[in-house]
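Peer 1: pasting a predicted model and its sequence here:
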Amino acid sequence: MLDIKTIREREMDVRTALQTRGSDFDLDCILELDMERRSLVGEAEALKHERNVVSKEIGRLKKEGEDAAEQRDQMRAVGERISKMDARIREIDSTLQGLLLEVPNIPCAETPVGSDESANRLVKTRGEPGSFSFTPRSHVELGEMLGILDFERAARISGSGFPLLKGHGARLERILIQFMLDIHTMEHGYEEVAPPYMCNADAMTGTGQLPKLAEDMYYIKSDDLYLIPTAEVPVTNMYREEIIKGSLPIRHVAYTPCFRREAGAAGRETRGMIRVHQFDKVELVKIVEPDQSYAELEKLLGDAETVLQRLELPYRVRELCTGDLSFAAARCYDIELWAPGQNDWLEVSSCSNFEDFQARRAGIRYRNSSGKTVFPHTLNGSGVALARLVVAILENYQEADGSVVIPEALRSLMRMDKIQPRS
RNA sequence: GGAGAGGUGGCUGAGUGGUUUAAAGCGGCGGAUUGCUAAUCCGUUGUACGUCUUUUGGGCGUACCGGGGGUUCGAAUCCCCCCCUCUCCGCCA
């Protein structure tokens, strides 16, 4: 959420930001309501002041046994005016709040300007896509040959778009979770968190999933809870409506399943594990001092990259342009793994700096060195998403007979070197 | 799910309609005293919005005692709804 003062005082900057994002949001409505609100608030508060003074006077008169009927009648009239004005102010507040929650964040100055994906900036490419003496298979085919993926049975249980891993596939997924958690906790200084997988509407609003993305989430009506689309939601909201004690930065890593309805995605990448309604993810979340946030974003990106380097997987990093940036982000890097079976790059991480956008929505504050309570900056990024990581491992490490070599870094944890096709 | 007890500032904890502008204590910060520490004494203390003055900043006002409504000239206090915590019972991996 943007500060109403920012919108008021830097109107042109905000308008430009909305334009580069391709948003047609109408700021005029907000500005007009804000002006009406401030004038009403001033008027109502003057009346309240009068009422407070006279009420005290009434108390004094009654104590001295004098008559205060006249003052009381006057204040009754004043009270009626006040409650009418307060009702209008409440109405404006609620409309204004609703509108403010729909204004996207302002991209940072370095974010490349562009209307869509084609304007994203290639930051780096690491690792060599392997060359194959055979036509590389898709993970769907490999999964079947190895007996580790079973989409047919998953559909029987839950419908299309759900993963079912078996045997060495299930084991690989579990080992990867541990592998990544260990790197981030023991080498990168993150504290591990195991959060709830369901969140209330306030939490979803705090990080920016609500109100815009309601249709993308699973909602449990009987309990008014949402299944989390990412651990970002519960972990960031640990500090909602709180003035954080102790020093920043806070760094958390959390493994959770993620649930996404992927509404409107039917027909796209429906086969396999690339776009599913449920996937596992190891997520990194940081809460930092504002002047550190961009340095912390680079470190966050590096922390996620470490995982892919250890696994010796080819990847690239792209910086999203203004038009491709997610609602709450000011700057964002996507990490994409090469998947030879798809002949395409797969997004496995988005590392974003939200500046104070989420902190303001969620009411997360801290005391800076001069003792003032201010909004910290929040960041997060996957470190990394599992379903697609498994896809990339299977497809990059496959051999001609359909067997898959276990990446060196995982062999001791997996207690095997290679997954063999079922005979 | 049932019954009961609670929710007041950073913390403990008073306060059942107007001397409360939320007592007191602890903690924090600043100062005094002091070989050092401790103790003692004095001062100070939160958040948001509005407004004025804008030199850091400050002045004035309003609201905030779990959240939201209501009664009243006036609500931490009375009424209604909701949320959360604790204890006991039930159920349960």
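Peer 2: Alright, I've got the coordinates.
Peer 1: residue of the stretch 301-423 of chain A nearest RNA strand B, please.
Peer 2: Among all residues of the stretch 301-423 of chain A, residue A:373 sits closest to RNA strand B, at 4.2 Å; criterion: CB to the nearest atom of the strand. For glycine as for every other residue, the C-beta is placed from the backbone atoms N, C-alpha and C.
Peer 1: can you pull the phi and psi angles for that residue?
Peer 2: The phi/psi pair for residue A:373 (degrees, to the nearest 10) reads phi -90, psi 120.
Peer 1: could you measure from the most centrally placed residue in chain A over to RNA strand B?
Peer 2: Centroid-nearest residue in chain A, with CA atoms, centre = their mean: residue A:232, separated by 5.1 Å. Distance, residue A:232 to RNA strand B, by CB to the nearest atom of the strand, to the nearest Å: 22 Å.
Peer 1: three-state assignment of the nearest residue to that residue once chain neighbours are set aside?
Peer 2: The shortest distance from residue A:232 to any non-neighbouring residue, by CB to CB, 6 or more residues apart in numbering, is to residue A:380 (4.6 Å). The three-state label given to residue A:380 by DSSP: H, G, I helix; E, B strand; the rest coil is strand.
Peer 1: report how many residues lie close to residue A:380.
Peer 2: Other residues lying near residue A:380 total 29 when counted by other CB atoms under 10 Å.
Peer 1: likewise for residue A:56?
Peer 2: Number of residues near residue A:56 (other CB under 10 Å) recorded here: 10.
Peer 1: before we move on, which element is it in?
Peer 2: Under the criterion of DSSP states H and E, residue A:56 resides in helix A:27-63.
Peer 1: ok so, going back, the residue of the stretch 301-423 of chain A closest to RNA strand B reaches residue A:359, doesn't it?
Peer 2: No: checked against CB atoms under 8 Å, the pair residue A:373 and residue A:359 is beyond contact range at 11.2 Å.
Peer 1: more neighbours, the two?
Peer 2: Applying other CB under 10 Å to residue A:373 and residue A:359 shows that residue A:359 carries more neighbours, namely 25 against 10.
Peer 1: who's in contact with the helix or strand containing that one?
Peer 2: According to DSSP H and E, residue A:359 maps onto helix A:357-362. The contact list for helix A:357-362 (CB atoms under 8 Å, 6 or more residues apart in numbering) reads A:1-3, A:101, A:105, A:203, A:205-208, A:236-237, A:239-241, A:287, A:328, A:330, A:364-365, A:375-378.
Peer 1: in the helix or strand that that helix is followed by, what counts as buried?
Peer 2: Proceeding N to C from helix A:357-362, the next assigned helix or strand is strand A:364-367, under DSSP H and E. By neighbour count with 16 or more other CB atoms under 10 Å, strand A:364-367 contains the buried residues A:364, A:365, A:366.
Peer 1: tell me which strands the next helix or strand after strand A:364-367 pairs with, and in which orientation.
Peer 2: Counting by DSSP H and E, the next helix or strand C-terminal to strand A:364-367 is strand A:373-374. When sheet partners are counted by DSSP bridges, strand A:373-374 sits next to strand A:364-367 (antiparallel).
Peer 1: just the helices in the stretch 151-300 of chain A please.
Peer 2: Counting by DSSP state H, counting those that start in this stretch, the stretch 151-300 of chain A has helices at residues A:151-158, A:167-186, A:201-207, A:232-236, A:293-310.
Peer 1: out of the ones you listed, which is the most enclosed?
Peer 2: helix A:232-236 (a mean of 27; mean count of other CB atoms under 10 Å).
Peer 1: for that helix, name the packing helices and strands.
Peer 2: If contacts are counted by 3 or more CB pairs under 8 Å, 6 or more residues apart in numbering; DSSP states H and E, helix A:232-236 sits against helix A:201-207, strand A:250-259, strand A:278-288, strand A:377-385.
Peer 1: closest to RNA strand B out of the ones you listed?
Peer 2: With CB to the nearest atom of the strand as the criterion, RNA strand B lies closest to helix A:201-207 of the helices and strands packed on helix A:232-236, at 10.1 Å.
Peer 1: and RNA strand B, is that closest one touching that?
Peer 2: No: judged by CB under 7 Å from any atom of the strand, helix A:201-207 and RNA strand B are separated, with a smallest distance of 10.1 Å.
Peer 1: could you give the mean pLDDT of that helix?
Peer 2: Mean per-residue pLDDT for helix A:201-207: 89.
Peer 1: same question, stretch A:71-89
Peer 2: For stretch A:71-89, the mean pLDDT works out to 88.
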